[in-house]
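**Q** Below are the sequence and a predicted model for it; my questions follow.
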Amino acid sequence: MKKLAAALLILLASGWCADTALAATVAGKMTVEHGQKTVAGVRLLAYPSSTPSLAGEAPLASVPTGDDGLFSLDLPPGEYFFLARGAGLFSYYGRNPVTVSEAGLEAMNLGLVDEQAPVTAVKLQVDTGAYGMTTVEGKPLSGVIVYVYTDLNDRLKGMGIGMGAPTDETGEFEFPLPAGTYYLLARQRQSGGFAGPLRAGDYIGYYPGNPLVVHEGEVVKVAIPMLEVPQKVDRLASSLFGETSIQGRILNAKGQPVAGLRAILYGDPMMLNRPLYVSQPTGADGAFVLSFPAGGTYYLAARSELGGTPQPGELYGRYAGSPDSALYVRTGKARKGLEVVVEEMW
């Protein structure tokens, strides 16, 4: 009872509130070596998405895993960032932040990486900022873009306040930063792009020491271990980010399916802010699917490029099933058969 009361006090202090007691269960396993080996002594850490920082003691945490690597944690339904620490290992759950319903979550698999990896000293080009390496199983990974965020307001999505140039074969990155506190996330997309959801075969990394504190005249050396995005990201697209979904096709003016475009869902009718959800690129059939936690009224568009306003030459279109491109979907339901027609912008 003392642990439960303490957990609730921490949750309330972080801005969480609910009318129910701890009701949902999240469960899964901690693994290394591409999910082939389980790990003992690791705890799942849960931070409500309303918490101002992912530093310090987690409001909720599981007991350490046993030899089977299995964990289970009861918590109030809501949205959380999930991390894991123990046995010198670390994990940032790739689906963060995750909405947990009263039904809970099962079969979570957290791939673990070394929490502290060595960084080779080099001659630095900046006076204040960050220098580091992106690695996979201790080997440098090229083509990685490191993104910088100042807080959790954007849920560590999008392009943040800035990003570094893609890493070369040494896996090194370096960029100037004014004194302050930051979060570093790294992503490598096989497509070579810099925006949009990750696909199977891409890589994601989260600096285990986040939030990173930079002092004036200091260059902080960091190591960001990368994990490959599993195949189930593509296979479970209709439910991976929630049990509510929309499905349809992107077509050209002749009614033919268009490949390589993304469906984009917004929360505002102007569709100028950062989108809430972005689909994977369409295939030859033009089909798209978007999953998300909660129903409501959304605004749907499709485009060939991400970031900024549509430019001349870009394929772009808005859902024409309503005057303002709005659509309503009920929580836990799927709306199917939607069509978005795109045309070249002038």
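**A** Received, thanks.
**Q** give me the low-pLDDT residue ranges for the stretch 101-250 of the chain?
**A** 121, 231-242 (pLDDT under 70).
**Q** hmm, try it at 90
**A** Applying pLDDT under 90 to the stretch 101-250 of the chain flags the ranges 101-108, 115-126, 137-138, 153-155, 157-160, 162-165, 190-201, 228-245.
**Q** Would you mind splitting the chain into its domains for me?
**A** 2-114, 129-229, 236-344 (automatic domain parsing).
**Q** could I get the ones you listed as TSV with distance to residue 122 and mean neighbour count?
**A** Every residue, glycine included, has its C-beta placed from N, CA and C. Shown next, in TSV, are the domains of the chain (distance: least, Cβ to Cβ, whole Å; neighbours: other Cβ atoms under 10 Å):
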stretch	distance to residue 122	mean neighbour count
domain 2-114	20	17
domain 129-229	7	18
domain 236-344	32	17
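**Q** In a markdown table: the ones you listed, plus distance to residue 123.
**A** Formatted as a markdown table, the domains of the chain follow (distance: least, Cβ to Cβ, whole Å):
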| stretch | distance to residue 123 |
| --- | --- |
| domain 2-114 | 25 |
| domain 129-229 | 10 |
| domain 236-344 | 34 |
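**Q** who wins for proximity to residue 120 among those domains?
**A** Of all these, domain 129-229 sits nearest to residue 120, with 7.4 Å by Cβ to Cβ.
**Q** what's the span of that closest one, first residue to last?
**A** By Cα to Cα, to the nearest Å, the extent of domain 129-229 from end to end equals 28 Å.
**Q** what do you get for stretch 159-179?
**A** End-to-end distance (Cα to Cα), stretch 159-179: 20 Å.
**Q** mind checking which helix or strand the residue of the chain most remote from its centre is in?
**A** No residue in the chain sits farther from the centre than residue 254, which is 35.7 Å out by Cα atoms, centre = their mean. Element membership for residue 254 (DSSP states H and E) is empty, with no helix or strand holding it.
**Q** Now for it: which residues touch it?
**A** Taking Cβ atoms under 8 Å, 6 or more residues apart in numbering as the definition of contact, residue 254 has no neighbours.
**Q** What does the pLDDT read for it?
**A** Residue 254 is assigned 93 on the pLDDT scale.
**Q** where's it relative to residue 315, distance?
**A** Counting by Cβ to Cβ, to the nearest Å, the separation of residue 254 from residue 315 is 13 Å.
**Q** Which residue ranges of the stretch 1-150 of the chain form strands?
**A** For the stretch 1-150 of the chain, the strands defined by DSSP state E, counting those that start in this stretch cover 24-32, 37-38, 43-48, 60-61, 70-75, 78-86, 89-92, 98-100, 105-111, 113-114, 129-136, 139-140, 145-149.
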